[in-house]
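1. coords please:
(2 chains)
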Amino acid sequence: MLDIKFIREHPDEVREGCRKKGVDVDLDRLLEVDEGRRKVLMEVEGLRSQQKRMSKEIYRKKGESGQPAGIDEMRDLKAQLKDAEKQLRPIEDEFHTLMGIVPNLPLPEVPEGRDETENVVVREVGQRPTYDFTPRDYMKIAEGLDIIDTKRAAKVSGSRFGYLKGASVLLEFALVRLAIDTLMEEGFIPVIPPVMLNYKAMDGMGYLTRGGSEVYQVEKDDLYLVGTSEQSLGAMHMSEVLDQGDLPRRYVGFSTCFRREAGSYGKDTKGILRVHQFDKVEMFSFCEPEKSRDEHDFILEMEEKLVRMLGIPYRVVQMCGGDLGDPAADKRDIECWMPGMGEYRETHSCSNCTDFQARRLNVRYRARGQGSGGTKLRFVHTLNGTAYAIGRIIIAIIENFQQADGTVLIPDVLKGPMGGIERIGR
RNA sequence: GGAGGGAUGGCCGAGUGGAUGAAGGCGGCGGUCUUGAAAACCGCUUCUCCGAAAGGAGACGGGGGUUCGAAUCCCUCUCCCUCCGCCA
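-> Numbers count the residues shown, from 1 in each chain, chains lettered A, B, ... in the order given. Predicted coordinates:
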């Protein structure tokens, strides 16, 4: 959610931001409704003011001569007030609906562009491995090693599911532990959050407006399955006031993620690259507004560190305006090199959502002012970033460290947590 | 699933129809004292919306009702807690 005052005072900036994101919002209608709303609001408040005054008058004169005067007029006034309030309601409803569909504005430095084809590669890091054989696709290797089984998953669940088995399970736990240990050293608080959220929390994170079809809903209980623990981590401090001294407040969450993948029919249908259910370690940060750009850099730095630790070559990609979701003001991805596929594939993503989610969720902090003024409430900024999306990192490990004989070498940092084994074989 | 209790400011907690936006405490901010700090003492401190301002309105979990007037009475929904049952 944006600030209506900001929209009112900078309509062109908002229009420009929506254009850059490629989102069509009827701003003129919003401004018109806002104006009407304020007019009716003033009327209602005027009537209420009058009612209050008269009511006090009646109270003051109570003791005097029997039935107090003015009660009949009050009944009239009340009817009038009810009328005005009834008029206000649909206006308020439309106002909130329109406010809800205005996306966050992209930061000025976000490049122009319609979709992912116009994202900008910022840098490439690491040496791509060379092979004296033709590198295979990860699923071929994984099936050979019997560590990923999508066929049986299809039998019991449908397409876009998978069983991780044997060494891939150990790999998952090792990765989770590595991510949590690494991030705890940086002050992140580890969290295992709920994977089901109520409407208020899910809507507050801004993923039901556009992209709502991605979300699984448990209708009977009116709950939503998270697509990422970002959603439950961000909503954790809903309606709270944080202390300035506690910022930035950084969490590392581990959870299963659920995505309907509606609209991606035919895309990445094989294997576990794009599935309905996967596990992910995720970073989330609440910080002061002035510091969110730095915090964004910091989260990207953590992501790169985690990828470098594994020794996987990658590139950093700056999202263009058209490829940002509703809540993001800025977003950068990491794409890992996948030798089997012969291309870079997205494994990480970090976004600065500025105060967009904080406004919707009402997450504020008490800012210490100098002098006698004391303190002031302000909205925090929220940021999120992938630590490890387990499935995709397993893919990257298999593809990058595959051997001619179909085995996979284990990155040094993972050997210990995997019980000292050097490679995955049969 | 059954029975009961509860939801008030940043937090705890009083308040059962009228000047209460809300006692008291904690916390926070400022000050006195001190070499400095702590303690003690004094003062200030709810938030949101409308308005250029003066000022006005709203908010005691959400929604509705009764009343001239509701934190306070009634209805309803949600959430939390306790006990019993079931259960990983």
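
2. okay, now the residue of the stretch 101-250 of chain A found nearest RNA strand B: neighbour count?
-> Closest residue of the stretch 101-250 of chain A to RNA strand B, Cβ to the nearest atom of the strand: A:V241 (4.0 Å). All C-beta atoms are positioned from the backbone trio N, CA, C, and that covers glycine. Per other Cβ atoms under 10 Å, the neighbour tally for A:V241 reads 14.

3. Now it. Its backbone dihedrals?
-> Backbone torsions of A:V241, given as degrees, to the nearest 10, read phi -120, psi 120.

4. For it, which non-adjacent residue is closest in space?
-> Excluding the flanking residues, the one nearest A:V241 by Cβ to Cβ, 6 or more residues apart in numbering is A:R364, at 5.1 Å.

5. coming back round to it: and the residue of the stretch 101-250 of chain A closest to RNA strand B, what does it touch?
-> A:R364, A:Y365, A:R366, A:L377 (Cβ atoms under 8 Å, 6 or more residues apart in numbering).

6. what about the third one, helix or strand, and which?
-> When elements are assigned from DSSP states H and E, A:R366 belongs to strand A:364-368.

7. do the same with the last one
-> Applying DSSP H and E as the criterion places A:L377 in strand A:375-379.

8. quick check: mean pLDDT across that strand?
-> Mean pLDDT, computed over strand A:375-379, is 86.

9. what helices or strands is that strand leaning on?
-> In this structure, strand A:375-379 packs against strand A:364-368, with contacts taken as 3 or more Cβ pairs under 8 Å, 6 or more residues apart in numbering; DSSP states H and E.

10. In its sheet, which strands sit next to the strand it packs on, and in what direction?
-> Within its sheet, and counting by DSSP bridges, strand A:364-368 is paired with strand A:241-243 (parallel), strand A:375-379 (antiparallel).

11. which element follows the first one toward the C-terminus?
-> Translated: strand A:241-243. Sequence-wise, the next helix or strand downstream of strand A:241-243 (DSSP H and E) is strand A:249-258.

12. How about the longest one?
-> Once the chain leaves strand A:375-379, the next helix or strand it forms, by DSSP H and E, is strand A:381-389.

13. near RNA strand B, which residues of chain A show up?
-> A:4-5, A:38, A:41-42, A:44-46, A:48-49, A:51-56, A:58-60, A:62, A:71, A:74-75, A:78, A:241, A:366, A:368, A:370-377 (Cβ under 7 Å from any atom of the strand).

14. Among the residues you listed, name the buried ones.
-> A:I4, A:V44, A:M74, A:R366 (16 or more other Cβ atoms under 10 Å).

15. give me phi/psi at the residue nearest to A:C287 when sequence neighbours are not counted?
-> Spatial nearest neighbour of A:C287, excluding adjacent residues (Cβ to Cβ, 6+ apart): A:P248 at 3.8 Å. Note on A:P248: its backbone torsions stand at phi -70, psi 140 [degrees, to the nearest 10].

16. tally of neighbours for A:P248?
-> Residues near A:P248, counting by other Cβ under 10 Å, number 18.

17. Roughly how far does it sit from A:T228?
-> 19 Å (Cβ to Cβ, to the nearest Å).

18. same thing with A:V120?
-> In this view, A:V120 and A:T228 are 24 Å apart by Cβ to Cβ.

19. now swap in A:V252 and tell me
-> The gap separating A:V252 from A:T228 is 13 Å, by Cβ to Cβ.

20. For the stretch 251-400 of chain A, which segments count as helices?
-> Secondary structure of the stretch 251-400 of chain A (DSSP state H, counting those that start in this stretch): helices at A:292-310, A:356-361, A:390-400.

21. Out of those, name the one with the poorest average pLDDT.
-> Mean pLDDT per stretch puts helix A:356-361 lowest among the helices of the stretch 251-400 of chain A, at a mean of 94.

22. ok, back up a step: which of A:V120 and A:T228 has more neighbours?
-> Each of A:V120 and A:T228 has its neighbours counted (other Cβ under 10 Å); A:T228 has more, 24 against 14.

23. in terms of contact, does that one touch A:K280 like I think?
-> Yes. Using Cβ atoms under 8 Å, A:T228 makes contact with A:K280 at a distance of 6.3 Å.

24. Identify the contacts common to these two.
-> Counting by Cβ under 8 Å, 6+ apart, the residues touching both A:T228 and A:K280 are A:S255, A:C257.

25. So for A:V215, what pLDDT did the model give?
-> You'll see A:V215 listed with a pLDDT of 92.

26. For it, give me its contacts.
-> A:M202, A:Y207, A:L208, A:Y224, A:L225, A:G227, A:R260.

27. Same check on A:A201?
-> A:Q231, A:S232, A:A235, A:M238, A:L361.

28. hmm, who's touching stretch A:101-119?
-> With Cβ under 8 Å, 6+ apart as the test, stretch A:101-119 has contacts from A:1-2, A:7, A:13-14, A:17-18, A:20-23, A:25, A:27, A:30, A:120, A:206, A:209-210, A:293, A:317-330, A:333, A:352-354, A:356.

29. what comes up buried for that stretch?
-> When neighbours are counted by 16+ other Cβ under 10 Å, the buried residues of stretch A:101-119 are found to be A:I101, A:V102, A:P103, A:N104, A:L105, A:P106, A:L107, A:V110, A:G113, A:N119.

30. distance between the ends of it?
-> Terminal residues of stretch A:101-119 lie 24 Å apart, using Cα to Cα, to the nearest Å.

31. again, but for stretch A:284-300
-> End-to-end distance (Cα to Cα), stretch A:284-300: 12 Å.

32. now it, how far from the chain's geometric center?
-> Relative to its chain's centre, stretch A:284-300 lies at 14 Å (Cα atoms, centre = their mean, to the nearest Å).

33. how about it: buried residues?
-> For stretch A:284-300, burial by neighbour count (16+ other Cβ under 10 Å) applies to A:F284, A:S285, A:F286, A:C287, A:E288, A:S292, A:R293, A:E295, A:H296, A:F298, A:I299, A:L300.
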